[in-house]
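In: kindly return the folded structure for what I paste below:
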Amino acid sequence: MMDKKTFKITFNRLLESSVDGLTNEQKIKYMKKWIRDYEKMEETTTNKLITLPNSLPVDSTEKIGELVRVKLAHIIRNHLLSPEKVRVLQDAKHCKNLFDINYPMLKKVTYDSPLIEQRTVNGYFRYWSKPVTIHNENYLVCNDWYERNRTKFITWVQSLS
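Out: Predicted coordinates:
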């Protein structure tokens with residue numbers, strides 16, 4: 001791995017040197033790639049894991065939608081949702097208070113209308129395309145998550161353990 005000082009020296013050396021066959025545009029292209037690679041390396045070395053009880057590590061840099069998808073799959077697989085919890089997760093007000101999301105986290109799939117219509121709220125897809133099965137019932141899961149919801153979601157996951 002390259003430390004900041006070595007990176008800066010290498011970067012400046014390339015910028016100032018004349019390399020046969022490379023135009024200034026090509027040099028800049030290579031330098032941009034090096035910068036991206038360096039930033040990725042820095043990101044992975046500073047990446048922090050938050051460990052929740054019951055072996056539920058949470059990657060703090062993981063996008064919120066992916067975090068919800070992965071953790072909810074784990075929660076369902078391990079039967080951590082009681083029928084009562086499933087019921088309250090279908091209530092918009094409860095979900096607004098619990099997660100600060102604008103829609104119910106779960107929406108029970110009905111068979112009297114197409115799934116695509118059930119996923120839509122005011123012309124926008126607000127639920128996952130693939131339903132999840134909880135207690136032998138199919139539910140759509142809200143996809144309208146934002147970074148501001150992360151802390152509340154993690155707190156909720158902790159409460160299930």
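
In: which residue, neighbours along the chain excluded, lies closest to E147?
Out: I64 (5.7 Å; Cβ to Cβ, 6 or more residues apart in numbering). Where C-beta positions appear, they are placed from N, C-alpha and C, glycine not excepted.

In: dump the residue contacts of the one you found.
Out: Contacts of I64 were listed using Cβ atoms under 8 Å, 6 or more residues apart in numbering, and they are W145, Y146, E147, N149, R150, F153.

In: the helices in the protein, which residues?
Out: Applying DSSP state H to the chain gives helices spanning 4-16, 24-46, 64-77, 83-88, 92-99, 115-119, 150-160.

In: relative to N136, which of those is closest?
Out: helix 83-88 (10.7 Å; Cβ to Cβ).

In: can you spell out the domain ranges of the protein, please?
Out: Each domain of the chain is listed here as a residue range: 4-46, 81-160, per automatic domain parsing.

In: and these, which one's lowest on average pLDDT?
Out: Among the domains of the chain, domain 4-46 has the lowest mean pLDDT, at a mean of 70.

In: outside of stretch 76-92, which residues touch it?
Out: Contact with stretch 76-92 is made by 75, 94-95, 102-108, 132-135, 137, 139, 160-161, as judged by Cβ under 8 Å, 6+ apart.

In: of those, just the buried ones, PyMOL syntax please.
Out: One line in PyMOL is enough to select the buried members of these, burial here meaning 16 or more other Cβ atoms under 10 Å:
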select buried, resi 75+95+103+104+105+106+107+132+134+139+160
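
In: about what we covered before: for PyMOL, write the selection for the buried entries among the contacts of I64.
Out: In PyMOL syntax, the buried subset of the contacts of I64 is picked out as below (16+ other Cβ under 10 Å):
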select buried, resi 145+149+150+153
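
In: any chance of the contacts of I64 in CSV, with distance to M31 too?
Out: Below are those laid out as CSV (distance: Cβ to Cβ, whole Å):
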residue, distance to M31
W145, 36
Y146, 34
E147, 31
N149, 37
R150, 34
F153, 39
